[in-house]
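Trainee: sequence first, then the predicted structure, then my questions.
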Amino acid sequence: MYKPKKPVKKKFAPVRSRRKNARNIKKILLVILTLALCGLVIFGLIKLSALLLGLGGPNKFSWKIKNIRIQSGSGDTDYEALKYIGFEEGAALTRADAETLENLLQTHLKQAAKVSVRRGLISKDLIVKIKKHTPRAAVIYGGKTRYLAGTGVLFEDADPLPAPSLLAVEAAGPLTGDALPKEAVKLIEEAAAFKEAKISKLKLDLDKKTFSLELQTPAFAEMGPWQNAPQKLKTLAQILQDAQSKNIKPPYSVNFNFYHYGKIYLKPHQ
């Protein structure tokens, strides 16, 4: 007896599952793409708003100052900066005005390493940010103590940024402008890094380009010309060590004026 075969049922479940997963992935990608586009649009609108309101756009666009905020971390610097701000609350300000004020403050505030003047996008405040120099040394020149910036600029500051164990420097001789020569700045940095002996004071002759050291030992070192300062400092450390091992009592002086002849003199300090 012949029995017809039952038709084999085709299994479509795996195919339908793959199609469903693909649709879900497309939906997720579409959502991610939509969010990314929204973010770009918002970012673009913010930038466009900034341009139109004077942050980087044409000079004819302006905004009315709602408030003036100076951020320097120092009340004295805030007060000094305020003297150069000729705008009042409610005044109209353009991008060109902001740039002019920024350059003015950068020129006159010697303690400022960087100045930025901008408009608060939401608050409409005039925001003046002042980043101050970190002093490298305290320099006495012309009877006045000022601070040395890494650029060589000497600046006054009633409230300088904290700097551990500032080196005391006494400078004499002609000085052009408000900055020390690059060679002098390099020398000061090398002396500040000299840890083998505690320096009480570094004396600079800007005319003859020579230097000397007063040490806490106590001892005095006439170091000669600025050239070869690192090697001279290393040699000085060795001399101090030898003097201690030979039980030579301070105070005494060390003379490097004949260093280029290979001679260094140590004698009781007078």
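Mentor: Structure's in. What do you need? Residues are numbered from 1 along each chain as shown.

Trainee: dihedrals phi and psi, the spatially closest residue to residue 91 that is not a sequence neighbour?
Mentor: Once flanking residues are discounted, residue 91 sits nearest to residue 65: 5.4 Å by C-beta to C-beta, 6 or more residues apart in numbering. C-betas here are computed from N, CA, C, even on glycine. Main-chain dihedrals, residue 65, degrees, to the nearest 10: phi -70, psi 120.

Trainee: likewise for residue 231?
Mentor: Dihedral angles of residue 231 (phi, psi; degrees, to the nearest 10) stand at phi -70, psi -40.

Trainee: that one: neighbouring residues, count only.
Mentor: Residue 231: 10 surrounding residues under other C-beta atoms under 10 Å.

Trainee: and residue 108, by the same measure?
Mentor: Using other C-beta under 10 Å, residue 108 is surrounded by 13 other residues.

Trainee: leaving out the residues flanking it, which one is nearest to it?
Mentor: residue 84 (6.1 Å).

Trainee: ok, that neighbour to residue 102 distance?
Mentor: Note on residue 84: its distance to residue 102, by C-beta to C-beta, to the nearest Å, is 10 Å.

Trainee: quick one: which of those two has more around it?
Mentor: Shown here are residue 84 and residue 102; by other C-beta under 10 Å, residue 102 has more neighbours (17 against 13).

Trainee: quick check: the more buried one touching residue 116?
Mentor: Yes. Here residue 102 reaches residue 116: they are 6.5 Å apart, a contact under C-beta atoms under 8 Å.

Trainee: so where's this structure shaky on pLDDT?
Mentor: The chain contains residues with pLDDT under 70 at 1-22, 43-60, 269-270.

Trainee: how about the helices of the stretch 151-270 of the chain, start to end?
Mentor: Along the stretch 151-270 of the chain, counting by DSSP state H, counting those that start in this stretch, helices occupy 182-192, 229-245.

Trainee: buried stuff in the first one?
Mentor: What that stands for is helix 182-192. 184, 185, 187, 188, 191, 192 (16 or more other C-beta atoms under 10 Å).

Trainee: same thing with the last one?
Mentor: Using 16+ other C-beta under 10 Å as the burial criterion, the residues of helix 229-245 that qualify are 229, 232, 233, 235, 236, 239, 240, 243.

Trainee: what's the spacing between the closest residue to residue 237 other than its chain neighbours and residue 268?
Mentor: Leaving aside its chain neighbours, residue 237 sits nearest to residue 196 (3.5 Å; criterion: C-beta to C-beta, 6+ apart). Applying C-beta to C-beta, the value for residue 196 to residue 268 is 22 Å.

Trainee: likewise for residue 169?
Mentor: When distance is defined by C-beta to C-beta, residue 169 is 26 Å away from residue 268.

Trainee: how about residue 238?
Mentor: 20 Å.

Trainee: also residue 164?
Mentor: Distance check for residue 164 against residue 268: by C-beta to C-beta, it reads 34 Å.

Trainee: among these two, which residue is more densely surrounded?
Mentor: For the pair residue 164 and residue 268, the greater number of neighbours falls to residue 268 (10 against 4), based on other C-beta under 10 Å.

Trainee: tell me the bridge partners for the more buried one.
Mentor: When assigned by DSSP bridges, residue 268 has beta-bridge partners residue 252.

Trainee: correct me, but it touches residue 252?
Mentor: Yes. Residue 268 is in contact with residue 252 according to C-beta under 8 Å; the separation is 5.4 Å.

Trainee: what's the end-to-end length of stretch 124-137?
Mentor: Start-to-end span of stretch 124-137 (C-alpha to C-alpha, to the nearest Å) is 39 Å.

Trainee: rewinding a little: tabulate the buried residues of helix 182-192 (CSV), appending distance to residue 222.
Mentor: Formatted as CSV, the buried residues of helix 182-192 follow (distance: C-beta to C-beta, whole Å):
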residue, distance to residue 222
184, 17
185, 21
187, 15
188, 17
191, 14
192, 19
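
Trainee: which of those residues sits closest to residue 206?
Mentor: Set against residue 206, the nearest of the buried residues of helix 182-192 by C-beta to C-beta is residue 184 (6.8 Å).
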